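Trainee: Return a 3D structure for these sequence lines:
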Amino acid sequence: MTGKIDFKRELPCYTAKRDSPQVTDVPDLQYLMIDGHGDPNTHAYGAAVSALYPVAYKLKFASKKQLERDYVVMPLEGLWWADDMDTFTTARDKARWDWTLMVMVPGWITADMFDDAVEQLGSKERPERLDDVRLESLSEGRCVQALHIGTFDDEAELLRYMHEEFIPQQGLTMVGKHHEIYLSDPRRVEPAKLRTILRQPVTDA
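Mentor: All right, here's what the predicted structure looks like:
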């Protein structure tokens, strides 16, 4: 058996420069996903996270046992969108946000392995939203991303710069959904030191 793989180190798309947007190509990746709506400081958001991670760890242990392929469970990620995207920047209003929370899993994780993991979890202390978790691939392609350090509420200025200045200056236009990768665990890291990659898929203008 080879050593434990940490995809944050293996995949360049999991690194970014602080407050300095760059264009990068993101490969097609596979995720555990669950959808929701509204302010992330709510029970609904917490219930979504609490459904994702038990599945993620079941799959990690199954991969190690069945396939002899071990890996580090990946950080939480989120796709965010709204009818009015200004609710993320100049007219910030969390209640109007839609989201899909995600945890990346290796491409060798199969649908059968996912179904088995969900079934095993359902037989014990069943997470509230377990049935809403799905396994799905995401194709983002060319993206602009930057590292934000600080509170989530302080992201707005970097997002405004990415959306309104950097992306147009590169001859690009936004497509797809705003994507965040939470490299820090907010339960263990003080808000001012949280590290979050902000990503926006783009295409030629």
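
Trainee: Please name the nearest non-neighbouring residue to Ala91.
Mentor: Of all residues not flanking Ala91 in the chain, Asp84 sits nearest, at 6.9 Å (CB to CB, 6 or more residues apart in numbering). No exception for glycine: its C-beta is placed from N, CA and C like everyone else's.

Trainee: how many other residues sit next to that neighbour?
Mentor: 9 (other CB atoms under 10 Å).

Trainee: Ok, the one 4 residues further on next?
Mentor: Applying other CB under 10 Å, we find 21 other residues in the vicinity of Phe88.

Trainee: Name the nearest residue to it, sequence neighbours excluded.
Mentor: Leu159 (6.1 Å).

Trainee: Remind me which helix or strand the one you found belongs to.
Mentor: In this structure, Leu159 sits in helix 156-161 according to DSSP states H and E.

Trainee: What are the contacting residues of that helix?
Mentor: 19, 21, 88-90, 92, 146, 148, 178, 198 (CB atoms under 8 Å, 6 or more residues apart in numbering).

Trainee: ditto for stretch 3-17
Mentor: With contact meaning CB under 8 Å, 6+ apart, stretch 3-17 is reached by 22, 24-27, 29, 69-72, 74-75, 104, 106, 143, 145-147, 181, 183, 197-199.

Trainee: circling back: out of the contacts of helix 156-161, who's the most crowded?
Mentor: Pro21 (24 neighbours).

Trainee: That one and Lys193, how far apart?
Mentor: Look at Pro21 and Lys193: by CB to CB, to the nearest Å, they are 21 Å apart.

Trainee: Over to the residue most central in space within the chain. Which of the three states is it?
Mentor: Per CA atoms, centre = their mean, the C-alpha nearest to the average position across the chain is that of Glu77, at 1.6 Å. Remark: Glu77 carries the secondary structure label strand [criterion: DSSP: H, G, I helix; E, B strand; the rest coil].

Trainee: By residue count, which helix of this protein is the longest?
Mentor: Across the chain, the longest stretch assigned as helix under DSSP state H is helix 43-62.

Trainee: buried set for that helix?
Mentor: Using 16 or more other CB atoms under 10 Å as the test for burial, helix 43-62 gives 45, 47-49, 51-52, 54-56, 58-60, 62.
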